[in-house]
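J.: sequence first, predicted model second:
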Amino acid sequence: MSLAQADLAATGLSAAPDEVLRPAPTSVLPRALGAIGIAALYGLAFLPNDYWFNAILIPFLIMALAGLGLNLLTGYAGLASLGSGAFMSVGAFATYNLLLRAPALPLAASLILGGGFAAAAGVLFGLPSLRIKGFYLAAATLAAQFFLPWLFNQYGWFSNYTTSGSISAPRLVAFGRDLSHPAGRYLLTLTAVVLLTALARNIVRSQTGRNWMAIRDMETAAAVGGIPVGFNKLAAFAVSSFILGIAGALWAFAYLGTVDASSFDLNRSFTILFIIIIGGMGSIAGAFIGSAFVILLPILISHLAESAFGGAVDAGQLQNLEKILFGSLIVILLIKEPHGLTALAAKFRTRLRQWPLKV
Amino acid sequence: MSFFLETLVGGLLAGVMYSLVAIGFVLIYKASGVFNFAQGSMVLFAALTFVTLREAHWSFPAALAVTLAIMVAGAIAIERFVLRSLVNQSDLTLFMATLGLSFVIEGLGQLLMGASVHELDLGIDDVPIQIGFIQVSQFDLVAAATAGALVLILSIFFNFTRTGVSLRAIADDPLAAQSIGIQLPALWRIVWGVAGGVALVAGLLWGARQGVQFSLTLVVLKALPVLIIGGFTSIGGAIVGGLLIGASDSLAEIYVGNLLGGSVSTWFAYVVALVFLLVRPAGLFGERPIERV
């Protein structure tokens, strides 16, 4: 290295301008951690205990997927929606009818087409977003939330004229293997989640994702800058509803085992909104952290309450206590960290990095 | 024809009941920009408290006064422990906080006062009376009169008292209002207290109509389309929106419901609101935001 080059290196400047423009190399660590995480999740399929699959892992993964779908819409494109549950129901009922009426289709194709129907519904009910924003839009998406489940309940065709209203899901078969046992349903869910997470991650890093964030940060400026605002908003509704639709189908087939419109009510939509707010808006990891919080916390609270007051307090009162505790924890969390658990984790990481020098 | 008129008038009067809940929303949204989802829980809590006191043989005015005091105390606690810590957070964060708050209020109300259905008798008979050639429920008339009186009192309060004018200043420009010495936290306490009072009135009327029980919290969902049509920031809009939603809801139940072969009341109001939004994006009387880069 010549003296001049060493000088340049010492000042931190690079000699060639194209080197200045080259983006910083992505750290290997997050990718390695991601790969290890996915491998570990697949390894969990060998768990002997069905309780883990049925009560924790499967609902956690599906709700994380739903959170991911809403996060694309709300966290990245800045469009608040309270209709997530409705789009999940579209995916569930569309997949059910595809499996029923087109049995030649493989499971994966039915799921993807079911997501496609949900995307179409998302675009339709996303049309008001071209005119309105904020809470007006959120309240308008409630039209989807009340109309779509009503539609599926009202007309017997959607549920193949079953009298009870809820229908048992057909057998899950992929590549000639029966996936009806808990580990199989877990693997199906996990594979869908991994693939869709990769899709979402790539979309938010593409031109489309940057357009969404520009619209979220300032719509007028984005429009002035030449971004087709209306098209991108509808695209956000489509992609978000596609993911929500697949999550809905998985919720019905891999988790509940029945297709029931009442499992996609307004509370489902609120839960998904909780997931992205608690996990972190505009963050893919946030959907997973938030889902873990929302799924695990009630289980934890009810176990704790059971062991603390079990028998002494009746079940109804215990439920009220749990409700108070859950509500308070949400308020406390929002006060302590309004940007979600992902922001908390990032803060912790920075502190850890600077640890001996600065506490 | 008289059947049509009866349905229409019945719907209009029912709409006034929705307006009562919507007014509580508007008050809080105007003063603090918070979309308060806990309004429904406040309605339930107020009605539960009142009915519990009445069942303990308190007199009507005493129960009313104590319930009001509890609602105001709750408002002060909410301002102190929730809102003050969330100043300057995004609208969505505040909305989620009120959602968490609604869990706490519902849980607390049912923990302390039980989850069973209570009868609430306000001493108004729900009997139809003949006006001209149509029949109208006496109870609905009293409810409408109460709502009208409430709106009158609130508009006098907002337009002619010092506190009311400060509230409008806060709604208009929070920073400018604070810089001339208006105390934001004090006003929040007042406005949440007033919203608690409105919740009490709504809780009494709704509770007398359908019994004091958990489903009272669901009236929130009826109030949302009212808000969309009227605009989130206008009390008069809440009344007009309530009338429109009430009338279209009960007409649709008869005419559209028969056509589709089922009850449409869960979603029809929202579709009306949606169509409305496409024409008037900020509702009838809402403030149209000015966009600048």
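T.: Received it, and whenever you're ready, just let me know what you need. Residues are numbered from 1 along each chain as shown, chains lettered A, B, ... in the order given.

J.: check the average confidence over the helix or strand hosting A:G116, would you?
T.: If you go by DSSP states H and E, A:G116 is part of helix A:107-126. In this model, helix A:107-126 carries a mean pLDDT of 92.

J.: list the buried ones in that helix?
T.: For helix A:107-126, a neighbour-count test (16 or more other Cβ atoms under 10 Å in any protein chain shown) marks A:107, A:110-123, A:125-126 as buried. Placement of C-beta: from N, CA and C, glycine included.

J.: is that helix anywhere near chain B?
T.: No - using Cβ under 8 Å from any Cβ of the partner chain, helix A:107-126 stays clear of chain B, with a minimum separation of 8.6 Å.

J.: B:S250 is in contact with B:L8, correct?
T.: Yes - assessed by Cβ atoms under 8 Å, B:L8 is found in contact with B:S250 at 7.4 Å.

J.: neighbour count: the two, which is higher?
T.: A direct count of neighbours by other Cβ atoms under 10 Å in any protein chain shown for B:L8 and B:S250 places B:S250 higher, at 23 against 16.

J.: from B:V43, how far out is the more buried one?
T.: When Cβ to Cβ, to the nearest Å is the yardstick, B:S250 and B:V43 sit 21 Å from each other.

J.: the residue in chain A that chain B sits nearest to sits in which helix or strand?
T.: Per Cβ to the nearest Cβ, A:G327 is where chain A lies closest to chain B, at 2.9 Å. A:G327 belongs to helix A:315-336 when assigned by DSSP H and E.

J.: do the same with B:Q130
T.: Here B:Q130 is assigned to strand B:128-131, by DSSP H and E.

J.: for that strand, packing partners?
T.: strand B:134-137, helix B:138-160 (3 or more Cβ pairs under 8 Å, 6 or more residues apart in numbering or on different chains; DSSP states H and E).

J.: okay, those, which one's buried deepest?
T.: Among those, the stretch with the highest mean neighbour count (mean count of other Cβ atoms under 10 Å in any protein chain shown) is strand B:134-137, at a mean of 18.

J.: using CSV, write down the CA coordinates of that one.
T.: Output in CSV follows, covering the C-alpha atoms of strand B:134-137 (Å, rounded to 0.1, in the frame of the first residue of the first chain):
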residue,chain,number,x,y,z
ILE,B,134,-99.0,6.5,13.4
GLN,B,135,-97.9,4.8,16.6
VAL,B,136,-94.7,5.9,18.3
SER,B,137,-93.0,4.3,21.4
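
J.: ok, residues contacting that strand?
T.: B:S2, B:L5, B:E6, B:V9, B:G10, B:L13, B:D126, B:V127, B:P128, B:I129 (Cβ atoms under 8 Å, 6 or more residues apart in numbering or on different chains).

J.: can you list the strands that that strand pairs with?
T.: strand B:128-131 (antiparallel) (DSSP bridges).

J.: touching the strand it pairs with from outside, list them.
T.: B:Q135, B:V136, B:S137, B:Q138, B:L141.

J.: on that earlier part again, now the contacts of strand B:134-137 in a markdown table, with neighbour count?
T.: Shown next, in a markdown table, are these (neighbours: other Cβ atoms under 10 Å in any protein chain shown):
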| residue | neighbour count |
| --- | --- |
| B:S2 | 10 |
| B:L5 | 14 |
| B:E6 | 16 |
| B:V9 | 20 |
| B:G10 | 20 |
| B:L13 | 23 |
| B:D126 | 12 |
| B:V127 | 9 |
| B:P128 | 15 |
| B:I129 | 10 |
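
J.: name the nearest of those residues relative to B:I229.
T.: B:L13 (17.3 Å; Cβ to Cβ).

J.: test my guess that that closest one contacts B:L141.
T.: Yes - B:L13 is within contact range of B:L141, at 6.9 Å (criterion: Cβ under 8 Å).

J.: re earlier: let's test this: mean pLDDT of the strand holding B:Q130, rounded?
T.: Strand B:128-131 comes out at a mean pLDDT of 74.

J.: could I get the CA-only coordinates of it as CSV?
T.: C-alpha atoms of strand B:128-131 as CSV (Å, rounded to 0.1, in the frame of the first residue of the first chain):
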residue,chain,number,x,y,z
PRO,B,128,-96.9,2.9,21.9
ILE,B,129,-98.8,6.2,21.8
GLN,B,130,-100.9,7.4,18.9
ILE,B,131,-99.6,10.6,17.1
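
J.: which elements pack onto the strand or helix carrying A:G34?
T.: Secondary structure from DSSP H and E places A:G34 in helix A:28-43. The contact analysis (3+ Cβ pairs under 8 Å, 6+ apart) places helix A:28-43 against helix A:182-204.

J.: and the contacts of the helix it packs on?
T.: Counting by Cβ under 8 Å, 6+ apart, A:38, A:41-42, A:44-47, A:50, A:53-54, A:57-58, A:61-62, A:64-65, A:68, A:72, A:76, A:107, A:111, A:172, A:174, A:177-179, A:209, A:212-213, A:239, A:243, A:246, A:250, A:253-255, A:284 sit against helix A:182-204.

J.: buried ones among these?
T.: Applying 16+ other Cβ under 10 Å to those flags A:41, A:53-54, A:57-58, A:61-62, A:64-65, A:68, A:72, A:76, A:107, A:111, A:172, A:179, A:209, A:212-213, A:239, A:243, A:246, A:250, A:253-255, A:284 as buried.

J.: how much space separates A:N267 from A:A104?
T.: 37 Å.

J.: the more surrounded of the two?
T.: When A:N267 is set against A:A104 and neighbours are counted by other Cβ under 10 Å, the residue ahead is A:N267, at 10 against 5.

J.: what helix or strand is the more buried one on?
T.: Element membership for A:N267 (DSSP H and E) is helix A:266-279.
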